[in-house]
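Trainee: need coordinates for the following:
(one chain, ligands or ions: 3)
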Amino acid sequence: MRSAKDFFRPLAVGAPEPLREIPARPSRAIHFFDPSNEKMAAKVPQLVGKVDVLLGNLEDAVKADRKEAARAGLVEIAKANEFGPTQLWTRVNSLDSPWVLDDLTTLVSEIGDKLDVIMVPKVEGADDIHYVDRLLAQLEAKAGLDRPLLVHAILETARGVANVEEICGASPRMQGLSLGPADLAADRRMKTTRVGGGHPGYLVREDPVRDSDGSDQQRSTYQQDLWHYTIARMVDACAMHGMYPYYGPFGDIADTLACEDQFRNAFLLGCVGAWSLHPSQIEIARKVFSPSVEDVAHARRVVAAMGDGTGAVMLDGKMEDDASLKQCLVMVRLAEELAAIDPELKAAYAEVPDGIDA
Ligand SMILES: CC(=O)SCCNC(=O)CCNC(=O)[C@H](O)C(C)(C)COP(=O)(O)OP(=O)(O)OC[C@H]1O[C@@H](n2cnc3c(N)ncnc32)[C@H](O)[C@@H]1OP(=O)(O)O
Ligand SMILES: O=CC(=O)O
Ligand SMILES: [Mg+2]
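Mentor: Ligands and ions are numbered 1, 2, ... in the order given. Take a look at the predicted model:
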């Protein structure tokens, strides 16, 4: 076991110092593209500045005989473009695959200065993160990088979910977690074949109600969220470790309404973003993971009304106090972070009073 004092020492001579805090960079949509797919790759330059994160995917959804082309394609795209406010992430192949070692060595040495976060799939425990942590330190030292790459783990096995807290605490590099509902459903032997989203069979039904003539009334049913438990665990583990939780993929590209609902549930529970698999999902994520102008306006009013931040006040018939002020500050701070990179939101949020200075 490493001593707490060693935790922030580089794991290789010459590697950059680990960060003490993970920067809160907006990442409402993590947009997946296959760098070996010419049509998708051609769209990357147009997406710079329009999406918070571009992710060159090397794992599932890339055919086995295209793995090397995808890796080389990502290197080419990273070298040919400047990404401005958009972050560049990659999802490497799983740690037991024949490709991951070359993924990591090639990407860190060729484009380590352009990459922000490395997403690692199918993480099962702290040992997986320790392996990646040390290897990245060695590669960063060799490449002469001056800032550490961050690591994002996909929660997509039962063992990964069971070990979620130790995964989050395994390295100062840990930036976030995403839910991987497809692999997780398979690993848990859940009986859904959908990539994320709900299922009409997973429901609760209201109690029987009998009419005066003794006949049964139609009983309403309410569909439940298959992913509530896992997302809630993920959110707690991330909050406890200063990291960011994300909903993952929503595979029914045509069902934009249900996608928006799933993303919003995640947002309300504490997630900061979701994956977009198709360009049509970028706008959904951008909308859902940005607080509404009304919510920001309300939050600012509470901040203003709370003065030094202690005590209790009545606002619009509701009690506000030290705790609800903290809830409102979450909203106000997120609005500030988003306004710093999104001119449209900056203008929209500017129209409501800023209670922080009041
Ligand atoms: C469970 C998991 O692991 S999820 C994560 C892994 N999966 C992925 O990354 C999937 C990524 N997305 C895709 O592969 C594709 O979007 C698909 C297969 C879902 C749909 O692709 P298509 O049938 O080509 O969609 P569609 O015809 O609507 O595409 C419209 C245009 O957008 C492009 N496009 C589609 N998806 C993307 C994307 N993710 N990024 C950039 N461009 C895209 C298409 O190439 C097409 O371009 P064109 O107008 O020049 O012909
Ligand atoms: O990788 C994502 C998943 O749902 O599986
Ligand atoms: Mg997966």
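
Trainee: and Asp127, how far is that from ligand 2?
Mentor: Taking Cβ to the nearest ligand atom, to the nearest Å as the criterion, Asp127 is separated from ligand 2 by 20 Å. In short, each C-beta sits where N, CA and C put it, glycine included.

Trainee: and that residue, what does it touch?
Mentor: Under the criterion of Cβ atoms under 8 Å, 6 or more residues apart in numbering, Asp127 has no contact partners.

Trainee: switch the cut-off to 10 Å
Mentor: When the contact criterion is Cβ atoms under 10 Å, 6 or more residues apart in numbering, the partners of Asp127 are Leu95, Asn163, Glu166, Ile167, Ala170.

Trainee: number of nearby residues for Gly144?
Mentor: The tally of other residues near Gly144 (other Cβ atoms under 10 Å) stands at 12.

Trainee: leaving out sequence neighbours, find the closest residue to it.
Mentor: Nearest in space to Gly144, with sequence neighbours left out and distances taken as Cβ to Cβ, 6 or more residues apart in numbering, is Gly14 at 7.7 Å.

Trainee: look up how far Lys142 lies from that neighbour.
Mentor: 8 Å (Cβ to Cβ, to the nearest Å).

Trainee: do Ala182 as well
Mentor: Remark: distance between Ala182 and Lys142 (Cβ to Cβ) = 35 Å.

Trainee: try Ile22
Mentor: The separation that Ile22 has from Lys142, given Cβ to Cβ, amounts to 24 Å.

Trainee: again, but for Ser3
Mentor: The separation that Ser3 has from Lys142, given Cβ to Cβ, amounts to 26 Å.

Trainee: flag every residue of the stretch 51-200 of the chain that's near ligand 2.
Mentor: Asp60, Pro121, Ile154, Glu156, Gly180, Pro181, Ala182, Asp183 (Cβ under 6 Å from any ligand atom).

Trainee: which pLDDT value does the model give the third one?
Mentor: In this case it means Ile154. On the pLDDT scale, Ile154 is placed at 98.

Trainee: and the residue in the stretch 251-358 of the chain that ligand 3 sits nearest to, which of the three is it?
Mentor: At 10.4 Å from ligand 3, Trp275 is the closest residue in the stretch 251-358 of the chain, using Cβ to the ion. Of the three states, Trp275 takes strand according to DSSP: H, G, I helix; E, B strand; the rest coil.

Trainee: picking that back up, buried ones among the contacts of Asp127?
Mentor: By neighbour count, with 16 or more other Cβ atoms under 10 Å, these hold Leu95, Asn163, Ile167, Ala170 as buried.

Trainee: could I get those as a markdown table with secondary structure?
Mentor: Supplementary listing: the buried ones among the contacts of Asp127 in a markdown table, determined by three-state DSSP:
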| residue | secondary structure |
| --- | --- |
| Leu95 | coil |
| Asn163 | coil |
| Ile167 | helix |
| Ala170 | coil |
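
Trainee: make JSON lines out of those and add pLDDT and distance to Ala266.
Mentor: Converted to JSON lines, the buried ones among the contacts of Asp127 look like this (pLDDT from 0 to 100; distance: Cβ to Cβ, whole Å):
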{"residue": "Leu95", "pLDDT": "98", "distance to Ala266": "26"}
{"residue": "Asn163", "pLDDT": "98", "distance to Ala266": "21"}
{"residue": "Ile167", "pLDDT": "98", "distance to Ala266": "19"}
{"residue": "Ala170", "pLDDT": "97", "distance to Ala266": "24"}
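
Trainee: go through those residues and name the one nearest Thr105.
Mentor: Proximity of these to Thr105, judged by Cβ to Cβ, is greatest for Leu95, which lies at 13.8 Å.

Trainee: what's the average pLDDT for stretch 180-191?
Mentor: Per-residue pLDDT values across stretch 180-191 average out to 98.

Trainee: is that stretch up against ligand 1 anywhere?
Mentor: Yes. With Cβ under 6 Å from any ligand atom as the threshold, stretch 180-191 lies in contact with ligand 1, specifically through Ala182.

Trainee: buried set for that stretch?
Mentor: Under the neighbour-count criterion of 16+ other Cβ under 10 Å, stretch 180-191 has Gly180, Pro181, Ala182, Asp183, Leu184, Ala185, Asp187 buried.

Trainee: so that stretch, near ligand 3 or not?
Mentor: Yes. Stretch 180-191 reaches ligand 3 (Cβ under 5 Å from the ion) through Gly180, Asp183.

Trainee: what of stretch 77-93?
Mentor: No. Taking Cβ under 5 Å from the ion as the criterion, stretch 77-93 and ligand 3 are apart, separated by no less than 8.9 Å.
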